[in-house]
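**Student:** below are the sequence and a predicted model for it; my questions follow.
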Amino acid sequence: MKIALLCSECGSRNYYIKKTAEKDGSRISVKKFCKQCNRHTIHKSSI
């Protein structure tokens with residue numbers, strides 16, 4: 001399953017990850033560099 005990581009500041013989809021289907025539905029949040037904001041921000045999974 002391909003999931004996009006959205007920037008919490010501007011909402012742009014900068015990264016895509018593969019995730020196995022889980023029943024708990026937990027969302028991933030990681031700190032990554034956003035090209036639009038030009039700084040490190042928290043990115044959250046779209047689903």
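**Tutor:** Structure's in. What do you need?

**Student:** could you list the low-pLDDT ranges of the protein?
**Tutor:** Counting by pLDDT under 70, the chain contains low-confidence ranges at 21-25.

**Student:** that one: strands as residue ranges?
**Tutor:** 2-7, 13-18, 29-34, 39-45 (DSSP state E).

**Student:** the third one to strand 13-18, inter-axis angle?
**Tutor:** Looking back up the chat, that one is strand 29-34. 130 degrees (axes from the mean of the first three to the mean of the last three C-alpha atoms, to 10 degrees).

**Student:** got the angle between strand 29-34 and strand 2-7?
**Tutor:** 70 degrees.

**Student:** go through strand 29-34 and flag the buried ones.
**Tutor:** Cys34 (16 or more other C-beta atoms under 10 Å). No exception for glycine: its C-beta is placed from N, CA and C like everyone else's.

**Student:** bridging residues for Ala4?
**Tutor:** Tyr16 (DSSP bridges).

**Student:** ok, now which ones touch it?
**Tutor:** 13, 15-16, 45-46 (C-beta atoms under 8 Å, 6 or more residues apart in numbering).

**Student:** mind giving me JSON lines with those residues and columns for neighbour count?
**Tutor:** Shown next, in JSON lines, are the contacts of Ala4 (neighbours: other C-beta atoms under 10 Å):
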{"residue": "Arg13", "neighbour count": "11"}
{"residue": "Tyr15", "neighbour count": "16"}
{"residue": "Tyr16", "neighbour count": "10"}
{"residue": "Ser45", "neighbour count": "16"}
{"residue": "Ser46", "neighbour count": "13"}
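
**Student:** quick check: closest non-adjacent residue to Ser29.
**Tutor:** Spatial nearest neighbour of Ser29, excluding adjacent residues (C-beta to C-beta, 6 or more residues apart in numbering): Lys44 at 4.7 Å.

**Student:** alright, that wraps it up for me.
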